[in-house]
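Asks: Give me the fold of what follows.
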Amino acid sequence: MENVRTILLNRSAYADNDLEANALREYLKDHNTFVVNLMSSPGAGKTTTLIKLINLLKKDFKIGVMEADIDSDVDAINVAKSTGVTSIQLHTNGMCHLDAGMTKSGLDGINFNDFDLIFLENVGNLVCPAEFDTGASMDMMILSVPEGDDKPIKYPLVFEKSKLVLINKIDALPYFDFNIEKCISNIKYRNKDATIIPISAKTGENIDLVAKYFKEIVSSWRNN
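Replies: Numbering: from 1, shown residues only. As a prediction, this is how the structure comes out:
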């Protein structure tokens, strides 16, 4: 009988990225820069929501935006024109997510020390972006009404990781089979501590509540 040994490899495939992400998060904290990793499906309204939100927050914070996409700079240009804040585009060269190394490269490119609040708009995808820690100070995500109220059950990780969940396009509720109470219950099933705010980026409904949330969360973060 051959002498065969079995070796268990318990090291996570994401271990190196996790170490880099934790180091980046501490570095950002030391430099008093709060970075928000924003995730959603394509078309959920990330950019439109950001524009409305930034225009409410830019009096209170020095804001920068990093837009991640496989290609094009459409979103970065749109944000810069619509808000007046500094916005840069990050091309992932086909990758469906950002990791800590990519985030650090983007922060170096935007000169992060010039800002105290930076929004990182991740690649549109409910799976890959949630699997990689970007080193951000917090994660948030947007779910839109046309996507359906079952998405927290079908794509659990992004909801489990997100401290803030926005349910966007509530102006379209009369036109879709979407039960908002059921959706909130599904989100809470995945993440009982998540803050959930229904919004309409199109009409601006409840964006003021999101702005209030960020004023409070950044202030609390700075004092801890």
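
Asks: okay, how far is it across stretch 82-98, tip to tip?
Replies: Across stretch 82-98, the terminal residues are separated by 25 Å (Cα to Cα, to the nearest Å).

Asks: Which positions within it qualify as buried?
Replies: Ser82, Thr83, Val85, Thr86, Ser87, Ile88, Gln89, Leu90, Thr92, His97, Leu98 (16 or more other Cβ atoms under 10 Å). Quick note: C-beta positions are derived from backbone N, CA and C, even for glycine.

Asks: Please apply the same query to stretch 42-59.
Replies: Applying 16+ other Cβ under 10 Å to stretch 42-59 flags 44-57 as buried.

Asks: Which parts of the protein are helices?
Replies: 15-30, 46-57, 74-83, 100-110, 128-131, 151-154, 156-161, 180-190, 207-222 (DSSP state H).

Asks: Which strands and helices lie in contact with the last one?
Replies: Secondary-structure packing of helix 207-222 (3 or more Cβ pairs under 8 Å, 6 or more residues apart in numbering; DSSP states H and E): strand 34-40, helix 46-57, strand 164-168, strand 195-198.

Asks: Now do it and helix 46-57, the angle between them.
Replies: 70 degrees (axes from the mean of the first three to the mean of the last three Cα atoms, to 10 degrees).

Asks: again with the third one
Replies: Compare the direction of helix 74-83 with that of helix 46-57 by the same axes, to 10 degrees and you get 30 degrees.

Asks: Contacts for helix 74-83, please.
Replies: For helix 74-83, the external contacting residues (Cβ atoms under 8 Å, 6 or more residues apart in numbering) are 47, 50-51, 54-55, 58, 63, 65, 67, 69, 85-89, 121.

Asks: could I get the least confident helix or strand in the chain by mean pLDDT in PDB with only the CA atoms?
Replies: Least confident element among the helices and strands of the chain, by mean pLDDT, DSSP states H and E: strand 86-91 (a mean of 89). Only the C-alpha atoms of strand 86-91 are listed here, as PDB (Å, rounded to 0.1, in the frame of the first residue of the first chain):
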ATOM      1  CA  THR A  86     -13.800  65.100  -8.300                       C
ATOM      2  CA  SER A  87     -14.600  61.800 -10.000                       C
ATOM      3  CA  ILE A  88     -12.200  59.300 -11.500                       C
ATOM      4  CA  GLN A  89     -12.800  56.100 -13.500                       C
ATOM      5  CA  LEU A  90     -11.300  52.800 -12.600                       C
ATOM      6  CA  HIS A  91     -11.100  50.200 -15.400                       C
END
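
Asks: That strand pairs with which strands, parallel or anti?
Replies: strand 63-69 (parallel) (DSSP bridges).

Asks: So what touches the partner strand?
Replies: So strand 63-69 is in contact with 47, 50, 54, 57, 73, 75-76, 79-80, 83, 85-92, 98, 102-103, 106-107, 110, 112, 114-115, 117-123, going by Cβ under 8 Å, 6+ apart.

Asks: Now do it: distance to the chain's middle.
Replies: 11 Å (Cα atoms, centre = their mean, to the nearest Å).

Asks: Please could you give me each C-alpha atom of it, formatted as CSV?
Replies: Extracted C-alpha coordinates of strand 63-69, given in CSV (Å, rounded to 0.1, in the frame of the first residue of the first chain):
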residue,chain,number,x,y,z
ILE,A,63,-16.3,64.3,-1.4
GLY,A,64,-14.5,62.2,-4.0
VAL,A,65,-15.9,59.5,-6.3
MET,A,66,-14.2,56.4,-7.8
GLU,A,67,-16.3,54.8,-10.5
ALA,A,68,-15.4,51.2,-11.4
ASP,A,69,-16.4,49.6,-14.7
